[in-house]
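In: Sequence first, predicted coordinates after that:
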Amino acid sequence: MKLPIAVLVSGRGSNLQAILDACASDAIDARVAIVISNHAGVPALERAALAGVPSAVFTLRTYPDRSAAHVAMAEAIAGVGAKLVVLAGFDHILAPVFFVRLAGVPVINLHPALLPLFGGRGMHGDKVHAAVLASGASESGCTVHRVHPETVDLGEVVVQRRVPVLPNDDPAKLAARVLEQEHVAIVEAIRKLASARAVEAAQPLAR
Ligand code: GAR
């Protein structure tokens with residue numbers, strides 16, 4: 001059975017598109033059950049609409065606080081029966097209550113660097129690539145990792161893909177090279193988790 005997933009986005013949604021395409025071509029045994037954004041009017045929401053996938057927007061300012069917004073998000077995810085949550089360019093840190101409401105549902109995040117390097121609070125998008133270039137590193141890449149409450153970019157690595165840093169790179173050039181690999185990595189990670197779940201489901205209960 002196809003793994004129902006929730007994809008959380010904040011902007012462009014090119015990784016969401018890679019996931020939607022992989023689902024449509026049966027490259028992964030999964031389906032996007034809902035797309036959730038924390039910003040209204042972003043291109044990722046148009047991508048969801050074009051693919052015929054339901055979406056919802058939870059902006060912080062419409063809730064008393066972050067926990068209330070994130071519980072509402074978790075309710076929406078539970079409501080469509082999603083069994084995996086994918087953060088694909090989601091720019092907020094999830095409140096602990098999100099994980100409590102979705103206990104047992106794995107959450108994974110995509111980060112545009114080789115964690116544990118260049119991660120942590122405030123490290124998003126071009127800031128990450130600028131830090132990689134400033135460090136003089138000869139390679140970068142992307143990481144898909146598990147997400148746990150109260151930690152940022154520290155969960156177990158599911159997939160990592162590497163790219164070289166080239167002599168004339170600027171953050172935009174490096175970002176583009178990494179992004180190509182992100183589109184592969186996020187699909188690979190979902191495939192891994194979907195097949196692990198299929199194996200679990202096929203195993204008789206241990207006595
Ligand atoms: C991606 O590069 C993703 O790795 C990054 O945001 C971009 C979203 O692109 N996420 C982070 O930096 C998380 N710390 P997209 O909206 O086109 O998928």
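Out: Cool, the structure landed.
In: following the helix or strand containing A68, which helix or strand shows up next?
Out: Under the criterion of DSSP states H and E, A68 resides in helix 66-79. For helix 66-79, the following helix or strand on the C-terminal side (DSSP H and E) is strand 84-87.
In: Sheet-wise, list the partners of that following strand with their directions.
Out: For strand 84-87, the pairing partners within the sheet under DSSP bridges are strand 3-9 (parallel), strand 107-111 (parallel).
In: mind listing the strands for this structure?
Out: 3-9, 30-37, 55-57, 84-87, 107-111, 139-146, 157-164 (DSSP state E).
In: Not counting its neighbours along the chain, what's nearest R66?
Out: Take R66 and drop its neighbours on the chain: the residue closest to it by C-beta to C-beta, 6 or more residues apart in numbering is A95, 5.0 Å away. Any C-beta I mention is one placed from the backbone N, CA and C, and that applies to glycine too.
In: My error: substitute N15 in the last question.
Out: N15's closest residue in space is A88 (C-beta to C-beta, 6+ apart), at 3.9 Å.
In: need the contact list for that neighbour.
Out: Shown in contact with A88 (C-beta atoms under 8 Å, 6 or more residues apart in numbering): 7-9, 13, 15-16, 19, 110, 186.
In: got these as JSON lines, with distance to L45 columns?
Out: Below are the contacts of A88 laid out as JSON lines (distance: C-beta to C-beta, whole Å):
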{"residue": "V7", "distance to L45": "11"}
{"residue": "L8", "distance to L45": "12"}
{"residue": "V9", "distance to L45": "8"}
{"residue": "G13", "distance to L45": "8"}
{"residue": "N15", "distance to L45": "14"}
{"residue": "L16", "distance to L45": "9"}
{"residue": "I19", "distance to L45": "14"}
{"residue": "L110", "distance to L45": "18"}
{"residue": "I186", "distance to L45": "18"}
